[in-house]
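Enquirer: no letters, just coordinates:
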């Protein structure tokens, strides 16, 4: 699996500089309006989308067919993609955290260090979730078709979260300490279950692929 | 048969069915130390056969045994014994051969970095140049160096010499001869350039419309005529 991970990290070589440049521009231009939390999330998600590019590069050089003849199982090929996604999400979250500290210094609504930490964790979760949804779609439809689906993948959950958040407010639900702990636990368990389901679906889809 | 003495490749009844094409029960055996040429017109099924035997596409029937062992149930262990070139280098063009070496080191159990560097040096391929700056010949040489550097016993090569100039082709054919010279390695070589096969292949298998027409030794074929003429005559006769 090490070789498969290295392959994606090397293939993206020249694009890291461009992505870092884009992130810096986003922070400089929109940092104050997005706020520290917005910058943390935007940076993490930008890094998370890099996994989509790795699929496009694979297709361009005929890697999937070649990989099917290498001494790596298809399951390993799938798990390597998830491993690369975790790496990109961790890098994105770390960069986002650093950018958010800078934005926090100049912004009006100052956040504490702990709150910035929470922003980073939530950003990591969101960017990982993005991968959990998009990776099986990439394996099923390929990078080109999946790019359009990706837009929906980003838009629909965002709308759903806004809608649900609004409903919670309208209902006047007040969460107790225990309720908040249970909610956290449910979120973590849900996150793990979605991740496992995503891996299982990708393995199943990829096992049937012909190149 | 003991695996130790098994042929490098033994295919029996390999079948793959598409809407408009059927690879019909292909049989093929390549002994160690031999080069088998696979010829046929475009769409005859050469690439389909290679993909089906390697598990790149799912065969609808038949078996492919590599050194006596079948690739089955997602098991990929004995693919360490197979070196492949599928017409081009399949690493992204911003990579360098040095990076390709590191990637292969993480994939092949018996990856030999020193041998890889020596092969590239012998073929005049720069280690730190990006693939996008390579000529077609250089790319193929990189793909070949990759296939030759993990102690593979069998090379499966799909059109490795097409698009190369005569000098580059000659160099690559020499690599093939060296690979089988000790009697351990074997090669399955698909090519449209039949003059290359006449130089290096011990046996030739002719595929037509998904069916094996014949497998003959080079000597046998030589007494009948050249491969191009035999193929052309057969295809014309088959159309009438």
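Expert: Sure thing, it's come through. From a predicted model like this one, the values you see are computed outputs, not experimental measurements. Numbering: from 1, shown residues only, chains lettered A, B, ... in the order given.
Enquirer: okay, CA-based contacts and neighbour counts for the rest of this
Expert: OK.
Enquirer: give the closest residue to the residue nearest the centre of chain A in space, chain neighbours not counted.
Expert: Nearest to the mean C-alpha position of chain A, by Cα atoms, centre = their mean, lies residue A:127 at 2.4 Å. Closest residue to residue A:127 apart from its sequence neighbours, by Cα to Cα, 6 or more residues apart in numbering or on different chains: residue A:45 at 5.0 Å.
Enquirer: how about residue A:84?
Expert: Once flanking residues are discounted, residue A:84 sits nearest to residue A:5: 6.0 Å by Cα to Cα, 6+ apart.
Enquirer: do the same with residue A:23
Expert: Distance criterion Cα to Cα, 6+ apart; nearest residue to residue A:23, sequence neighbours excluded, is residue A:43 at 6.2 Å.
Enquirer: neighbours of that neighbour, how many?
Expert: 30 (other Cα atoms under 10 Å in any protein chain shown).
Enquirer: hang on, it packs against residue A:91?
Expert: No - Residue A:43 is not in contact with residue A:91 according to Cα atoms under 8 Å; the separation is 9.4 Å.
Enquirer: ok, now which ones touch the residue nearest to the centre of chain A?
Expert: A:41, A:44, A:45, A:48, A:89 (Cα atoms under 8 Å, 6 or more residues apart in numbering or on different chains).
Enquirer: so what's the second one up against?
Expert: Neighbouring residues of residue A:44 by Cα under 8 Å, 6+ apart: A:89, A:90, A:91, A:92, A:93, A:95, A:96, A:123, A:124, A:127.
Enquirer: so it belongs to a strand, correct?
Expert: No - assigned with DSSP: H, G, I helix; E, B strand; the rest coil, residue A:44 falls outside any strand and is helix.
Enquirer: separation between the residue lying closest to it once chain neighbours are set aside and chain B?
Expert: Of all residues beyond its chain neighbours, the one nearest residue A:44 is residue A:92 (4.1 Å), with distances taken as Cα to Cα, 6+ apart. Per Cα to the nearest Cα, to the nearest Å, residue A:92 is found 23 Å from chain B.
Enquirer: which strands and helices lie in contact with the helix or strand hosting residue A:92?
Expert: Element membership for residue A:92, per DSSP states H and E: helix A:74-106. Counting contacts by 3 or more Cα pairs under 8 Å, 6 or more residues apart in numbering or on different chains; DSSP states H and E, helix A:74-106 packs against helix A:2-11, helix A:15-48, helix A:50-60, helix A:113-141, helix A:177-207.
Enquirer: mean pLDDT lowest for which of the ones you listed?
Expert: Lowest mean pLDDT within those: helix A:15-48, a mean of 83.
Enquirer: how about the residues of chain B that lie near chain A?
Expert: Within chain B, the positions adjacent to chain A are B:54-58, B:74-80, B:84, B:86, B:89-95, B:99-100, B:102-108 by Cα under 8 Å from any Cα of the partner chain.
Enquirer: now, those that are in helices?
Expert: B:54, B:99, B:100, B:102, B:103, B:104, B:105 (DSSP state H).
Enquirer: what's the closest of those to chain A?
Expert: residue B:103 (4.2 Å; Cα to the nearest Cα).
Enquirer: mind listing what the closest one touches?
Expert: Taking Cα under 8 Å, 6+ apart as the criterion, residue B:103 is in contact with A:2, A:3, A:4, A:6, A:7.
Enquirer: what's the burial count for the fourth one?
Expert: Which is residue A:6. 18.
Enquirer: then the last one?
Expert: Around residue A:7 there are 25 other residues, counting by other Cα under 10 Å.
Enquirer: distance check, it against residue B:131.
Expert: From residue A:7 over to residue B:131 the distance is 14 Å, taken as Cα to Cα, to the nearest Å.
Enquirer: the helix or strand hosting residue B:177 packs against which elements?
Expert: Assessed by DSSP H and E, residue B:177 sits inside helix B:166-180. Applying 3+ Cα pairs under 8 Å, 6+ apart, we find helix B:166-180 packed against strand B:186-190, helix B:194-200.
Enquirer: how much space between residue A:183 and chain B?
Expert: 40 Å.
Enquirer: could you report the neighbour count for that residue?
Expert: That count, for residue A:183 with other Cα under 10 Å as the rule, works out to 13.
Enquirer: distance of it from residue A:124?
Expert: Going from residue A:183 to residue A:124 by Cα to Cα gives 18 Å.
Enquirer: ranges for the strands of chain B?
Expert: B:9-17, B:22-30, B:35-39, B:61-66, B:69-70, B:82-86, B:154-158, B:186-190, B:203-208, B:211-217 (DSSP state E).
Enquirer: any chance of the ones you listed in TSV, plus mean pLDDT?
Expert: Formatted as TSV, the strands of chain B follow (pLDDT from 0 to 100):
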stretch	mean pLDDT
strand B:9-17	94
strand B:22-30	94
strand B:35-39	95
strand B:61-66	91
strand B:69-70	84
strand B:82-86	92
strand B:154-158	95
strand B:186-190	95
strand B:203-208	93
strand B:211-217	92
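Enquirer: save those as a markdown table, and put in mean neighbour count and distance to residue B:180 too.
Expert: Formatted as a markdown table, the strands of chain B follow (neighbours: other Cα atoms under 10 Å in any protein chain shown; distance: least, Cα to Cα, whole Å):
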| stretch | mean neighbour count | distance to residue B:180 |
| --- | --- | --- |
| strand B:9-17 | 19 | 14 |
| strand B:22-30 | 19 | 12 |
| strand B:35-39 | 26 | 7 |
| strand B:61-66 | 21 | 16 |
| strand B:69-70 | 16 | 20 |
| strand B:82-86 | 24 | 13 |
| strand B:154-158 | 25 | 9 |
| strand B:186-190 | 27 | 6 |
| strand B:203-208 | 22 | 13 |
| strand B:211-217 | 17 | 16 |
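Enquirer: many thanks, have a good one.
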